[in-house]
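> Predicted model, plus sequence, below.
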Amino acid sequence: MWTTILCLSIVLFSVVSQDVYNNVVKERNDILHRELDMMLGNDIELCDSEMKANDIIMDLKRQEIEGGFLEPQAFNLSKHFFEYKDVVKESQLFKLIQKMPKGAILHAHDTGLLSPDYVLNVTYLPDLHVCFEENDIRLLFSTNTPDETCETQWQLMKDARYSSGNVERFDSELRKYFSIVIDNPSEVHTDVNSVWLKFQQYFITTGAMFGYKPVWEQYFYDTLKACRDDNVMYIEIRSVLPELYDLDGNVYDSVETAVSYKETLDRFMSDYPDFYGAKLIYAPLRMVDAKTVKQYIEIAKEIKRKLPDFFAGFDLVGQEDKGSPTKDFLAELVEARWELDYFFHAGETNWYGTSSDENLIDAIVLGSRRIGHAFALTKHPLLIDEIVKRDIAIEVNVVSNAVLKLVEDVRNHPLASFLAQDLPVVLSSDDPGVWEAEPLSHDFYVAFVGVASKHADLRMLKKLALNSLYYSTIKDKDKIAHDFEIRWTKFIDSVVRGNVFY
Ligand SMILES: *[C@@H]1O[C@H](CO)[C@@H](O)[C@H](O)[C@H]1NC(C)=O
Ligand SMILES: *[C@@H]1O[C@H](CO)[C@@H](O)[C@H](O)[C@H]1NC(C)=O
Ligand SMILES: [Zn+2]
């Protein structure tokens, strides 16, 4: 009798507990899927061939992530970018992403896009003079010895190179000025300021060489070519628009510099009509006073009048922790906001509650169409709401943020949280040439494998590419979306047929 009761209660108990267990499992799966459905890309529906391609892509992605999950010490993407930038190019997934149509680059700086090997080639052009100083070099094109002061003496680059006795060593020393890549970044790039100094030095050293008008135009032409080669169809490029010069002593002001870009673009488009084009964001240095910003604004307005279809808008650049905060120029920027579209860098910082962090608020209230970096955004729930409400895109540059010391391990990049919430994200690359990255492929690969969820798939990749078109300033969005779809279909076809790796 007692045993019967005991048995009965055990059976009853286990039935109930099985039920509870099943409910918990169901709830767990529901929650998992509800959250996955919130992720960027959730609104993309894949057709049959895309689903096949997705299986191939996800197999490759799982292999890479599972390998790393088991052996974290071997996971490429948790190391320093300088350590893995070349080895990942061997990854099949990287090659696939390189072939993938990625849409547009919406955040990149004009003289930071090409590799140090490209810049080294520029030093082979005739009439380049060099001055070796204690810790730096100066470079200037000129028919005669330049008048500018030099701590040692100006020489023709050609003479310096061939009198060095070892051209190879000379070139490899020279190349170091054109890249911030080094073997021991953890010892040398110890904090944000030390790496920024080196980064800014690149722009100072190359500035006078790139300011020679023929080189300036060729660099832009070759940038467009490099973007096209990396399967990017359109670029909105930021420039400080420096004065240019030529060998006849002519000097060209910022407006003329913008015109020279437009003429170069026209030449490129007639050579490569399948490229979609480029627009200009005038982005001068922020470490100035309000009076100077007022002058910048006048220049921006003039360029807009002169080149209405080429001019996209206005921004300010430079290290935010050190430069003047945007609020110092609020009056000037408020006044011009109906005439100029804004694309402010903001919140490119690890600090919280500082002027650099609060630049995010200024960017929003000034009506920015997109915000550059917004690295600090995760700490601001209200600002996230505003960004969604106002449909302001966030231009995320993962590799830049890693190299410039905002994050050590990209798995901790705030982009993970932006993607999880389906915030309006576009991926970009900032200054890929300076750290020897491809124009856009490294950033897509690192974001997809190292930052996004293991579950994030082809839908996310497609959505990121589509976002870059949607949040661009292109007027005819239907046409570019249609052109993109044609390229995309070809790409999917090559993935399914296995041709994409060759
Ligand atoms: C690092 O990348 C290389 C090249 O793709 C690959 O052979 C290697 O397996 C990767 N390591 C891990 C753990 O993913
Ligand atoms: C540099 O010039 C050499 C010789 O003209 C050329 O083969 C090479 O492709 C150039 N490199 C780059 C990165 O443009
Ligand atoms: Zn930038």
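Alright, I've got the coordinates. Ligands and ions are numbered 1, 2, ... in the order given.
> interface residues of the stretch 51-200 of the chain facing ligand 2?
Ser115, Asp117, Tyr118, Asn121 (Cβ under 6 Å from any ligand atom). The way it works is simple: take the backbone N, C-alpha and C, and place the C-beta from them, glycine included.
> Count residues in the vicinity of the closest residue in space to the third one that isn't next to it in sequence, would you?
Yep, that's Tyr118 we're talking about. Using Cβ to Cβ, 6 or more residues apart in numbering and skipping the chain neighbours, the partner closest in space to Tyr118 is Asp222 (6.8 Å). Asp222: 17 surrounding residues under other Cβ atoms under 10 Å.
> and if you look at Trp338?
Applying other Cβ under 10 Å, we find 8 residues neighbouring Trp338.
> Look up how far Arg228 lies from it.
Using Cβ to Cβ, to the nearest Å, we find Trp338 at a distance of 35 Å from Arg228.
> Kindly report the same for Ala420.
According to Cβ to Cβ, Ala420 and Arg228 sit 32 Å apart.
> does Ser115 really touch Val434, like I thought?
No - applying Cβ atoms under 8 Å, one finds Ser115 not in contact with Val434, separated by 9.2 Å.
> Neighbour count: these two, which is higher?
A count of neighbours by other Cβ under 10 Å puts Val434 above the other of Ser115 and Val434, at 27 against 19.
> Can you tell me what sits against stretch 237-254?
Contacts with stretch 237-254, where a contact means Cβ atoms under 8 Å, 6 or more residues apart in numbering, come from 105, 107-111, 127, 141-143, 207, 211-214, 216, 220, 223, 255-258, 260-261, 278-285, 299, 303, 315, 317, 343.
> Now the buried members of those.
By neighbour count, with 16 or more other Cβ atoms under 10 Å, those hold 105, 107-111, 141-142, 211-213, 216, 220, 223, 255-258, 260-261, 278-284, 299, 303, 315, 317, 343 as buried.
> Which residues are in contact with Ser472?
Contacts of Ser472 (Cβ under 8 Å, 6+ apart): Ala104, Leu106, Tyr234, Glu236, Lys279, Ile480.
> So for the residues you listed, which is the shakiest by pLDDT?
Looking at the contacts of Ser472 by pLDDT, the weakest one is Ile480, with 95.
> quick one: the residue in the stretch 201-350 of the chain that ligand 1 sits nearest to and Phe275, what's the gap?
Closest to ligand 1 within the stretch 201-350 of the chain is Asp230: 18.5 Å, counting by Cβ to the nearest ligand atom. Applying Cβ to Cβ, the value for Asp230 to Phe275 is 12 Å.
> what does Phe343 give?
From Phe343 across to Phe275, the span is 21 Å (Cβ to Cβ).
> Just give me the neighbour total for Cys131.
For Cys131, the count of nearby residues is 19 (other Cβ under 10 Å).
> okay, the residue of the stretch 151-300 of the chain found nearest ligand 1: pLDDT?
Among all residues of the stretch 151-300 of the chain, Val181 sits closest to ligand 1, at 17.8 Å; criterion: Cβ to the nearest ligand atom. As predicted, Val181 sits at a pLDDT of 97.
> can I assume Met460 is in contact with Leu36?
No - using Cβ under 8 Å, Met460 makes no contact with Leu36, being 10.7 Å away.
> what number of residues lie near Cys227?
Neighbourhood size, Cys227 [other Cβ under 10 Å]: 26.
> so what does the helix or strand it falls within touch, helix or strand wise?
Cys227 belongs to helix 213-229 when assigned by DSSP states H and E. Applying 3 or more Cβ pairs under 8 Å, 6 or more residues apart in numbering; DSSP states H and E, one finds that helix 213-229 makes contact with helix 116-122, helix 192-210, strand 234-239, strand 244-245, helix 254-271.
> coming back round to it: now the common contact residues for Ser115 and Val434.
Common contacts of Ser115 and Val434, defined by Cβ under 8 Å, 6+ apart, comprise Ser179.
> Would you map the strands across the protein?
Ranges of strands in the chain, per DSSP state E, are 104-109, 128-132, 137-141, 154-156, 234-239, 244-245, 251-252, 277-282, 311-314, 345-346, 370-373, 393-396, 425-427.
> Quick one: closest of the ones you listed to Met51.
When the strands of the chain are compared by Cβ to Cβ, strand 425-427 sits nearest Met51, at 23.2 Å.
> contacts for that closest one?
With contacts defined as Cβ under 8 Å, 6+ apart, strand 425-427 is touched by 40, 102, 104, 106-107, 370, 393-398, 415, 418-419, 440, 443-444, 447, 464, 467-468, 471.
> List the buried residues of it.
Neighbour count says strand 425-427 has Val425, Val426, Leu427 buried, by 16+ other Cβ under 10 Å.
> how close does the last one sit to Ile281?
To tie it back to what came earlier, the one meant is Leu427. Leu427 is 17 Å from Ile281, by Cβ to Cβ.
> Per-residue pLDDT of the residue nearest to Asn76 when sequence neighbours are not counted, please?
Spatial nearest neighbour of Asn76, chain neighbours left out: Tyr84 (4.1 Å); criterion: Cβ to Cβ, 6+ apart. pLDDT recorded at Tyr84 is 97.
> how many other residues sit next to Tyr84?
Counted with other Cβ under 10 Å, the neighbours of Tyr84 add up to 18.
> Gln63 too?
13.
> check contacts around it.
Taking Cβ under 8 Å, 6+ apart, we find Gln63 in contact with no residue.
> tally of neighbours for the residue lying closest to Ile297 once chain neighbours are set aside?
Nearest residue to Ile297 in three dimensions, chain neighbours excluded: Ala336, at 4.8 Å (Cβ to Cβ, 6+ apart). Per other Cβ under 10 Å, the neighbour tally for Ala336 reads 19.
> In contact with Leu139, which residues are there?
Residues in contact with Leu139, defined by Cβ under 8 Å, 6+ apart, are Thr123, Leu128, His129, Val130, Met157, Thr205, Thr206, Ala208, Met209.
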